[in-house]
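Trainee: Fold the stuff below for me.
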Amino acid sequence: TDSGLRPYYLTHEFTIHDAPFDDEVVIAIGGASSGRAHARTGDRYQDMKEMGIKNWKMPYNFDRNQNHYYFNNKNSVPIIFIHGLGLNQSMWKPQIDFFKNNSFVTYDLLGHGKTPFSENIITMEKLANQLLVLIGNLKIDKFHLIGFSIGALVAIEFTMNYEKYLNSLTLISTTYKRSN
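Mentor: Next comes the predicted model:
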């Protein structure tokens, strides 16, 4: 605000029935009259700490571009999982269960799950840029990238343009020299 004061927002908890973990809770922080997530939602993490609220978490979220994601932050180099065509981030539940003590990110690709896409054509470039925006919003500098099927193709596209972010790359069920 112009006065230099930082506003605090009331939060509301609700259960997401298709969450990877049965006991996960979403805290929706911020919002606009249009129903879209507040553009500065990520800043609210610090607000919650400053308010002294304990045991808060915001595992599922939408960033300012409406990317639906889950970030399990354990203060380690995260693993980012990219799902296949026609699927969503819930396909990674067995891996999430296994890596629950590690940092990881799962997200829904454009036009999949709860991430909208209103254009006529989705390109690999747009999908790679979606990941770039997401890691920027989450302030992730380095990560391990795992992609399945079309997610592996997105991982390849991302790696060709933004290799500096990767610690490792794992491709599962992908193609080689895919035709247009």
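
Trainee: going forward, measure contacts and count neighbours with C-alpha atoms only.
Mentor: OK.

Trainee: So for E119, what's the pLDDT?
Mentor: Reported pLDDT at E119 in the predicted model: 86.

Trainee: Tell me the spacing between it and K126.
Mentor: Per Cα to Cα, to the nearest Å, E119 is found 11 Å from K126.

Trainee: Looking at these two, which has the bigger crowd around it?
Mentor: Counted by other Cα atoms under 10 Å, E119 and K126 do not tie: K126 has more neighbours, with 16 against 8.

Trainee: Report the buried residues of the helix of greatest length in the chain.
Mentor: Assignment by DSSP state H gives helix 124-138 as the longest helix of the chain. By neighbour count with 16 or more other Cα atoms under 10 Å, helix 124-138 contains the buried residues 124, 126-132, 134-135.

Trainee: Nearest to A155 among the residues you listed?
Mentor: A128 (7.2 Å; Cα to Cα).

Trainee: does the nearest residue to the closest one once chain neighbours are set aside count as helix, strand or coil?
Mentor: Leaving out its chain neighbours, the residue that sits closest to A128 by Cα to Cα, 6 or more residues apart in numbering is F158, at 4.9 Å. At F158 the chain is in helix, as set by DSSP: H, G, I helix; E, B strand; the rest coil.

Trainee: List the contacts of F158.
Mentor: Neighbour list for F158: 125, 128-129, 131-132 [criterion: Cα atoms under 8 Å, 6 or more residues apart in numbering].

Trainee: Which single one of those is nearest to S90?
Mentor: L131 (17.2 Å).

Trainee: Let me see the contact set for that closest one.
Mentor: Per Cα under 8 Å, 6+ apart, neighbours of L131: F158.
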